[in-house]
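>>> pasting the sequence and the predicted coordinates here, then a few questions.
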Amino acid sequence: MSESSTAEPILLRPVELINLLQLSRAQVYLMLASGEIPSIKIGRLRRIRRRDLEEWLSRSQGAA
């Protein structure tokens, strides 16, 4: 049996990113639109790869 239902999702929705980073909706969407936070578009939907988010966070911590 697959344990995919208990695994963390590979793609995050912007609302999940808002909750994880504790930033405002406007700030997250600005960061996504500018490319500061890497994301992909699937049709009209914006999704964030968990792997890209983790790499972005690592780079951001290193720059601070």
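The structure has been received and is ready for your questions.
>>> tell me the pLDDT at residue 11?
Model confidence at residue 11, given as pLDDT, is 96.
>>> who's it bridged to?
residue 49 (DSSP bridges).
>>> wait, it sits on residue 50?
Yes - between residue 11 and residue 50 there is a contact at 7.3 Å, judged by CB atoms under 8 Å. Every residue, glycine included, has its C-beta placed from N, CA and C.
>>> could you check how far the most centrally placed residue in the chain is from residue 33?
Closest to where the C-alpha atoms of the chain average out (CA atoms, centre = their mean) is residue 48, at 3.7 Å. Distance of residue 48 to residue 33, computed by CB to CB, to the nearest Å: 13 Å.
>>> contact partners for the closest residue to residue 32 other than its chain neighbours?
In space, and not counting its chain neighbours, residue 32 is closest to residue 39: 4.9 Å by CB to CB, 6 or more residues apart in numbering. Listed by CB atoms under 8 Å, 6 or more residues apart in numbering, the contact set of residue 39 reads 32, 46, 47, 48, 49, 52.
>>> most neighbours among these, which one is it?
Counting neighbours by other CB atoms under 10 Å, the top entry in the contacts of residue 39 is residue 48, with 22 neighbours.
>>> helix or strand: which one has residue 33?
Here residue 33 is covered by helix 25-34, with elements defined by DSSP states H and E.
>>> which residues touch the helix or strand following that helix?
Note on helix 25-34: by DSSP H and E, the next helix or strand toward the C-terminus is strand 40-42. Residues outside strand 40-42 that contact it (CB under 8 Å, 6+ apart): 11, 46, 47, 48, 49.
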